[in-house]
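In: no letters, just coordinates:
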């Protein structure tokens, strides 16, 4: 149960950008789950998939969506999900969340759910309310936007932190964090990337 809840928190955090919002979404997700009749819950073949679909749909309609927040709100919330060194995760969290905030809600959902968490395209399409083809287009558009941000001039220290965070996430086999860092990491190590299935899996190489 704890692992399941953490997985939902991770999804909600990267879709919304703050820990408090993620907590509220997950709490509402479980409220809806336990609000079902016992017979209805028993008919659900994959409870975790149901929970993820519910959480994802809630994120897309959440009152505190990233584009409705003031600047700096995401950074102030901190990163509480990555398995990498906590201080390093906090350092790069602002960069990641700011980059994700540049995407539309649909692009962000497609990228986070498809690339970072590997949800089946048909499930992502159902959550976002688009066709599978449109989800593919949204995901690719999100990747291009993030790669463009990577090519923008940044402080050398920021590049170093992104590379270090990427390598540590891969070493920890933190697949979601690896996939989130991948488009923004300058010259990512192919060896490190292979540990998380990057370059040949669900995420295209930059």
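Out: Received the coordinates, thanks. Worth saying up front: this structure is predicted, and the values here are computed from it rather than measured.

In: so what does the helix or strand where residue 134 lies touch, helix or strand wise?
Out: According to DSSP states H and E, residue 134 maps onto helix 132-151. Applying 3 or more C-beta pairs under 8 Å, 6 or more residues apart in numbering; DSSP states H and E, one finds that helix 132-151 makes contact with helix 105-110, helix 121-128. Yep, even glycine has a C-beta here, placed from its N, CA and C like the rest.

In: so which bits of the last one are buried?
Out: Across helix 121-128, burial judged by 16 or more other C-beta atoms under 10 Å covers 121, 123-128.

In: got the angle between it and helix 132-151?
Out: 80 degrees (axes from the mean of the first three to the mean of the last three C-alpha atoms, to 10 degrees).

In: neighbouring contacts of helix 121-128?
Out: For helix 121-128, the surrounding residues in contact (C-beta atoms under 8 Å, 6 or more residues apart in numbering) are 49, 52-53, 56-57, 60, 106, 109-110, 113-114, 119, 131-132, 134-136, 138.

In: weed out the non-buried ones from these.
Out: 52-53, 56-57, 60, 106, 109-110, 113-114, 119, 135-136, 138.

In: thought residue 9 was touching residue 20?
Out: No. With contact defined as C-beta atoms under 8 Å, residue 9 does not reach residue 20; the gap is 11.2 Å.

In: more neighbours: which of those two?
Out: residue 9 (18 against 11; other C-beta atoms under 10 Å).

In: and the more buried one, how far from residue 23?
Out: Residue 9 is 7 Å from residue 23, where distance means C-beta to C-beta, to the nearest Å.

In: again, but for residue 3
Out: Here the criterion is C-beta to C-beta. By it, residue 3 lies 17 Å from residue 23.

In: so between the two, which is more surrounded?
Out: Legend: neighbour count by other C-beta under 10 Å for residue 3 and residue 23, higher for residue 23 (15 against 8).

In: what is the mean pLDDT for the host helix or strand of residue 94?
Out: Using DSSP H and E, residue 94 falls within helix 86-101. Helix 86-101 comes out with an average pLDDT of 67.

In: go on, stretch 37-55?
Out: pLDDT averaged over stretch 37-55 gives 94.

In: same deal with stretch 147-156?
Out: In this model, stretch 147-156 carries a mean pLDDT of 64.

In: now stretch 105-118
Out: 91.

In: please enumerate the strands of the chain.
Out: Taking DSSP state E, the chain contains no strands at all.

In: what segments of it are helices?
Out: Residue ranges of the helices in the chain, as given by DSSP state H, are 2-16, 19-35, 38-42, 47-60, 73-77, 86-101, 105-110, 121-128, 132-151, 156-171, 175-181, 190-195.

In: buried ones in the longest one?
Out: This points to helix 132-151. 135-136, 138-139, 141-143, 145-146, 150.
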